[in-house]
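**Student:** Kindly generate the corresponding structure for this input.
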Amino acid sequence: MSRLHLGVMLLFAILAAIAGCLREPSLEPFSEASGQLTVQTGYTPGDYGPMVDAGKYSVFVLEWDPVENADHYRVKMSPQPITEESWSSLPVAKTVPGDVDTCWVSLQPGIYENTCIGCGLCEDACPNNAIALVDGRAVIDIDSCQACGQCALVCPANAVSDNRFNRGYYFGVRAYSEDGTPRQSVATAPHAYRMIYKNDSARCDRCWDTSADTSDCYMLCRIPECPVDAIYWDSTYFYQIDYDKCIYCGNCFKNCREYGVLSMGVWIEEME
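**Tutor:** Sure, this is the predicted structure:
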């Protein structure tokens, strides 16, 4: 073999080695060693923005171990377990600066304008009258929406982001460098979590009065009432939710909060 051929082969070997160094590192398998992510429930903080009241909307609160020299973190959520293979295909739920180790994620659904066909089925299905057709496209009023997901369930075009109560979500948080290269550290939650409404008997004010007359219960009789009769009064003199009927419209939650009792709240439930 001539010296010229040897030189060409050596040059190609060097170029291949350089390309290997520049290639984006592969994602490591998600494991317990990658870092633990804790998931709790909370309400929108005061820095959400002028259009949303602090403490008004329920959110997932995530917390993780910080990664040294991280430029930013990308937060992703999925109804299915988040794996190395699925990470790149999942949409980014939130991007936060690298100097923080906590953030919150909302279940607020959105309309994909380019996908919406303006059929109006979501408007008819919304129990809170939070959707209207504007110029032939559905628009969600965030002040009325309770993320019940009825709009997503009836949409024939999948034009509504399916973020809703009573659905389990897995979460993952990954650190990135300034140029967008993913770091090896991945924080994941081992279980899925969902939001549900639940009445706290310790805080219930028994609005039905001592006569056990349910006519004064703000959750049952304020307008709008439960549209599916999922709220009932049990033998312990407290109000419960029939989860087989509940559509998570949020009427009980809103009515109870407006009255000032705050016993009907949003709870995080861990799922297998």
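
**Student:** And the strands in this structure?
**Tutor:** Ranges of strands in the chain, per DSSP state E, are 37-43, 58-64, 72-78, 94-97, 102-106, 131-134, 137-140, 170-176, 182-188, 192-199, 231-233, 239-241, 264-271.

**Student:** Could you dump the ones you listed into a markdown table and include mean neighbour count and mean pLDDT?
**Tutor:** Any C-beta I mention is one placed from the backbone N, CA and C, and that applies to glycine too. Below are the strands of the chain laid out as a markdown table (neighbours: other C-beta atoms under 10 Å; pLDDT from 0 to 100):
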| stretch | mean neighbour count | mean pLDDT |
| --- | --- | --- |
| strand 37-43 | 16 | 82 |
| strand 58-64 | 21 | 87 |
| strand 72-78 | 21 | 93 |
| strand 94-97 | 13 | 93 |
| strand 102-106 | 18 | 88 |
| strand 131-134 | 15 | 95 |
| strand 137-140 | 18 | 94 |
| strand 170-176 | 24 | 92 |
| strand 182-188 | 20 | 81 |
| strand 192-199 | 20 | 89 |
| strand 231-233 | 18 | 81 |
| strand 239-241 | 19 | 84 |
| strand 264-271 | 16 | 85 |
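
**Student:** Turn the ones you listed into JSON lines, including distance to residue 155.
**Tutor:** Formatted as JSON lines, the strands of the chain follow (distance: least, C-beta to C-beta, whole Å):
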{"stretch": "strand 37-43", "distance to residue 155": "27"}
{"stretch": "strand 58-64", "distance to residue 155": "22"}
{"stretch": "strand 72-78", "distance to residue 155": "19"}
{"stretch": "strand 94-97", "distance to residue 155": "24"}
{"stretch": "strand 102-106", "distance to residue 155": "19"}
{"stretch": "strand 131-134", "distance to residue 155": "10"}
{"stretch": "strand 137-140", "distance to residue 155": "8"}
{"stretch": "strand 170-176", "distance to residue 155": "23"}
{"stretch": "strand 182-188", "distance to residue 155": "30"}
{"stretch": "strand 192-199", "distance to residue 155": "21"}
{"stretch": "strand 231-233", "distance to residue 155": "27"}
{"stretch": "strand 239-241", "distance to residue 155": "26"}
{"stretch": "strand 264-271", "distance to residue 155": "24"}
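
**Student:** Can you spell out the domain ranges of the protein, please?
**Tutor:** Residue ranges for the domains of the chain, per automatic domain parsing: 32-107+166-190, 111-160, 196-271.

**Student:** now the end-to-end length of the second one.
**Tutor:** As for domain 111-160, its first-to-last residue distance stands at 5 Å under the measure C-alpha to C-alpha, to the nearest Å.

**Student:** ok, back up a step: looking at the strands of the chain, which is closest to residue 159?
**Tutor:** Residue 159 lies closest, by C-beta to C-beta, to one member of those: strand 137-140, at 7.2 Å.

**Student:** partners of that closest one in the sheet?
**Tutor:** With DSSP bridges as the test, strand 137-140 is paired with strand 131-134 (antiparallel).

**Student:** Can you tell me what sits against the strand it pairs with?
**Tutor:** 118, 120, 122-123, 138-141, 145, 151 (C-beta atoms under 8 Å, 6 or more residues apart in numbering).

**Student:** Of all pairs in the residues you listed, which one is the farthest apart?
**Tutor:** That would be 118 and 145, which, of the contacts of strand 131-134, are the farthest apart (C-beta to C-beta) at 18.6 Å.

**Student:** Show me which of those two is the more surrounded one.
**Tutor:** Neighbour count, other C-beta atoms under 10 Å: between residue 118 and residue 145, residue 145 has more, with 19 against 15.

**Student:** how about the nearest residue to that one once chain neighbours are set aside, what does it touch?
**Tutor:** Distances taken as C-beta to C-beta, 6 or more residues apart in numbering put residue 130 closest to residue 145, at 4.2 Å, once the chain neighbours are dropped. Neighbour list for residue 130: 140-146 [criterion: C-beta under 8 Å, 6+ apart].
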